[in-house]
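Asks: One predicted model, sequence on top.
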Amino acid sequence: MRFVPVSSVWLCCFISRHFSSSLALSKFPKLRKIPYRYRARTVEQAQQALTEYLHSTRSLSFTLSEHIGKNSVVALSDVISKVEFSTSNFFRNFQKFLRYNPIDEIEFFFESIGIPPSEINSFLSRNELFLSEDGNILKVAHVLFTFGFPWNMLGKLYKEEIFSIFGETPDALTARLKDFREFGFDNVSVAGICLAFPFVLGGDDELVGRIDALFDDLKMVFLDFGLASHFEWNVFSWCEICRKIRVFYALGCEMGKMGVLFGTRQNVFLQYSEEVLVQKVDFFCRVGVNKADVALLLLKNPEILNYDLEIPVITVLGFLKHIGLSKEQLNFVGLEYPYVLGRNKLGNLPNVMRAVDLLHWFSNKILNGEHQLLTDFVCSPDEDLDYEFKHHLERIKSAWNHKYKMGKLEFLLGIGFGENVSTMKVLSLLHGSRVELQERFDCLLQLGIEFCQLLKMITLRPGILNQNPDMVEQKVNFLCKDMGSSVQYLVVFPSYLCFDLENRIKPRFRFYMWLTEKGVFARDYSIASIIATSQKNFLARLHKVHPAAPKHYLECFSSKRSSDSDQET
């Protein structure tokens with residue numbers, strides 16, 4: 001009995017969606033002028049008229065004309081909206097419209113081969129409307145379709161290998177497909193392999209060795225080890241299995257040397273979806289495991305693919321004790337990183353480990369065979385439950401803007417903050433959506449601030465995450481290039497990022513430098529002392545230096561907007 005993978009369900013959904021698109025026509029706003037009960041029939045008539053037009057008037061083969069007509073509902077709805085609707089004469093009206101109003105055939109073609117309508121414009125030429133003006137793409141599509149490629153999946157090949165595949169001559173492409181059969185595969189399997197690995201159709205001489213190595217691996221896996229005998233022989237299942245194999249090549253597995261390991265780990269490709277593989281790969285990469293090591297970890301320990309690494313709840317101190325931290329080390333974590341304490345999801349564990357600066361240590365434990373630590377930790381319902389956090393959480397969930405607030409909370413938990421009252425205090429001072437906060441956080445990381453240090457900075461000054469990334473970069477550039485400091489200074493003075501660059505930081509620092517050049521200052525002041533001092537105290541300090549200094553600063557250096565409230569929000 002053959003194993004039928006999840007792809008068969010996906011295939012049924014795909015076919016259902018493809019052939020019943022007219023049933024969902026209420027979603028097309030351009031068809032609203034047509035009464036709902038006539039929409040499906042109207043689209044069917046338009047598809048029939050378009051097919052006849054492409055075949056009879058534009059001289060395309062009937063089969064290709066039908067595929068274009070049946071698989072371009074979005075483009076077709078646009079044309080339908082321009083034709084006068086009539087329950088009795090719409091078919092003739094649509095035929096007449098096509099006769100006197102040329103359509104962009106290439107747009108219809110692109111949609112029919114599976115390119116999303118939102119992406120089609122990037123592939124369209126301003127000067128070409130007719131397929132006959134670029135006849136090669138139609139010839140190549142015909143070769144691929146005749147060989148066994150599903151028509152509405154050709155867009156995948158077009159998007160990934162425009163020039164190397166659709167710029168190829170039909171004869172050369174046919175010869176290449178026949179060469180692949182020499183490895184022992186039939187048309188169906190070759191089509192599935194090419195859809196998963198489009199580069200093999202490219203014809204680049206520099207890739208010949210890589211292509212041969214790939215097919216050597218696939219021949220060993222599918223034919224020698226018999227993987228092909230365990231699933232239905234159709235293009236979609238071949239493509240799905242090959243896409244799973246591609247996940248491991250993307251991690252650094254060398255083509256030509258993985259056949260035996262893949263062949264002896266068939267269940268990895270039969271029992272688990274590509275989504276599951278990608279999720280597990282993402283988790284262990286976030287834990288800090290090298291990509292190549294992740295591939296071997298999953299292949300040699302396939303039981304990991306059954307682990308739920310997202311939803312289970314852990315207590316941070318309890319888990320750290322579980323994986324081997326001593327009592328003294330746990331006390332240190334509690335004192336040094338109190339904002340990570342409490343409960344969190346296992347899916348956030350990689351950033352929790354970053355937050356307590358234990359990521360490298362933990363990734364080594366995983367590689368040393370202790371991956372089971374991820375699943376055998378049990379958290380009791382009330383363990384490390386912060387009731388004040390729970391109270392605040394209930395208030396958030398009942399608020400009118402709870403989705404917005406929960407998004408911010410999920411961001412904080414995601415970067416390593418725990419379910420504790422400290423996290424709620426930080427949350428109350430953050431402005432922006434979850435996506436915006438993540439962009440600002442990533443900006444600060446990319447500037448060179450260490451992860452664990454950045455969380456400390458956020459705890460001390462949550463407002464640093466309220467800054468526009470462009471402005472943050474400008475402030476950091478001024479700090480490093482003009483003030484002669486480094487990004488690391490932000491760890492001790494995170495408030496620097498919250499002061500206005502033009503109205504506070506630049507004028508004060510430049511006046512300080514001017515006074516230094518004049519030999520007026522008798523002592524050095526830190527950047528924090530220059531920037532953070534209130535306007536009143538700053539002017540008083542200048543007056544002590546020289547009675548005329550405050551007036552000169554206000555007239556020649558300070559912006560009229562400069563004040564203690566000049567902080568970014």
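Replies: Thanks, I have the structure now.

Asks: where does the stretch 401-550 of the chain have low pLDDT?
Replies: 521-523 (pLDDT under 70).

Asks: Correct me if wrong: residue 224 contacts residue 259.
Replies: Yes: counting by Cβ atoms under 8 Å, residue 259 is a contact partner of residue 224 at 7.5 Å. C-beta: built from backbone N, CA, C; applies to glycine.

Asks: who's more crowded, these two?
Replies: Taking neighbours as other Cβ atoms under 10 Å, residue 224 and residue 259 compare with residue 259 leading, 19 against 12.

Asks: so the more buried one makes contact with residue 220?
Replies: Yes: with contact defined as Cβ under 8 Å, residue 259 counts as touching residue 220 (3.2 Å).

Asks: Mind telling me what element the most centrally placed residue in the chain is part of?
Replies: By Cα atoms, centre = their mean, the mean C-alpha position of the chain lies nearest to residue 282, the distance being 11.3 Å. Using DSSP states H and E, residue 282 maps to helix 274-287.

Asks: Flag every buried residue along that helix.
Replies: 274, 277, 280, 281, 283, 284, 285, 286, 287 (16 or more other Cβ atoms under 10 Å).

Asks: Packing partners of it?
Replies: Applying 3 or more Cβ pairs under 8 Å, 6 or more residues apart in numbering; DSSP states H and E, we find helix 274-287 packed against helix 235-250, helix 291-300, helix 349-355, helix 359-365.

Asks: Please enumerate residues in contact with the helix or strand just after the longest one?
Replies: Spelled out, that is helix 235-250. Toward the C-terminal end, the helix or strand that comes next after helix 235-250 (DSSP H and E) is helix 259-263. For helix 259-263, the surrounding residues in contact (Cβ atoms under 8 Å, 6 or more residues apart in numbering) are 216-221, 224-225, 227, 245, 248, 269, 299.

Asks: what's the answer for stretch 149-160, then?
Replies: For stretch 149-160, contacts defined as Cβ under 8 Å, 6+ apart pick out 18, 67, 71, 110, 112-115, 119, 123, 137, 141, 144-145, 165-166, 191, 194-195, 198-199, 201, 235-236, 239.

Asks: Buried ones among these?
Replies: Using 16+ other Cβ under 10 Å as the burial test, the contacts of stretch 149-160 include 67, 71, 110, 112-115, 137, 141, 144-145, 165-166, 191, 194-195, 198-199, 201, 235-236, 239 as buried.

Asks: Could you break the chain into its assigned domains?
Replies: 7-205, 499-569 (automatic domain parsing).

Asks: Quickly compare the ones you listed and say which is most buried.
Replies: Stretch with highest mean neighbour count among these: domain 7-205 (a mean of 17; mean count of other Cβ atoms under 10 Å).

Asks: Work out the gap between that one and the centre of the chain.
Replies: 28 Å (Cα atoms, centre = their mean, to the nearest Å).

Asks: can you check stretch 481-496 too?
Replies: Worked out by Cα atoms, centre = their mean, stretch 481-496 lies 31 Å from the chain centre.

Asks: swap in stretch 406-415?
Replies: On Cα atoms, centre = their mean, the centre of stretch 406-415 falls 18 Å from the chain's centre.

Asks: can you list contacts of that stretch?
Replies: Residues outside stretch 406-415 that contact it (Cβ under 8 Å, 6+ apart) are 344-345, 348, 351, 355, 393, 396-397, 419, 423, 426-427, 430, 432-434, 437-438, 441, 455.

Asks: Put the alpha carbons of it into CSV.
Replies: Taking C-alpha atoms only, stretch 406-415 is exported to CSV below (Å, rounded to 0.1, in the frame of the first residue of the first chain):
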residue,chain,number,x,y,z
MET,A,406,-1.2,42.4,23.0
GLY,A,407,0.9,42.8,19.9
LYS,A,408,3.4,45.0,21.9
LEU,A,409,3.4,42.4,24.8
GLU,A,410,4.0,39.6,22.4
PHE,A,411,7.0,41.5,21.0
LEU,A,412,8.5,41.9,24.4
LEU,A,413,8.0,38.3,25.3
GLY,A,414,9.4,37.4,21.9
ILE,A,415,12.7,39.2,22.5
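
Asks: mind listing what's buried in it?
Replies: Residues of stretch 406-415 classed as buried: 407, 408, 409, 411, 412, 413, 414, 415 (neighbour count, 16+ other Cβ under 10 Å).

Asks: Show me these that map onto strands.
Replies: Among those, no member falls in strands (DSSP state E).

Asks: So which of the residues you listed is the closest to residue 459?
Replies: Proximity of those to residue 459 was ranked by Cβ to Cβ; the top entry is residue 412 with 10.4 Å.

Asks: Could you check how far the closest one is from residue 465?
Replies: 10 Å (Cβ to Cβ, to the nearest Å).

Asks: Quick check: neighbours shared by the two?
Replies: Counting by Cβ under 8 Å, 6+ apart, the shared contacts of residue 412 and residue 465 are residue 430.

Asks: And the pLDDT for residue 192?
Replies: Listed pLDDT for residue 192 reads 96.

Asks: tell me which element it is part of?
Replies: helix 187-196.

Asks: I'd like to know which elements the helix or strand following that helix is packed against.
Replies: Downstream of helix 187-196, the next assigned helix or strand under DSSP H and E is helix 208-218. Packing partners of helix 208-218 (3+ Cβ pairs under 8 Å, 6+ apart): helix 235-250, helix 259-263.

Asks: Of all the ones you listed, which one comes closest to residue 476?
Replies: Residue 476 lies closest, by Cβ to Cβ, to one member of the helices and strands packed on helix 208-218: helix 235-250, at 33.5 Å.

Asks: Take the domains of the chain and lay them out in TSV including distance to residue 460.
Replies: Below are the domains of the chain laid out as TSV (distance: least, Cβ to Cβ, whole Å):
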stretch	distance to residue 460
domain 7-205	43
domain 499-569	13
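
Asks: Out of the ones you listed, which is closest to residue 317?
Replies: Nearest of the domains of the chain (Cβ to Cβ): domain 499-569, 33.5 Å.
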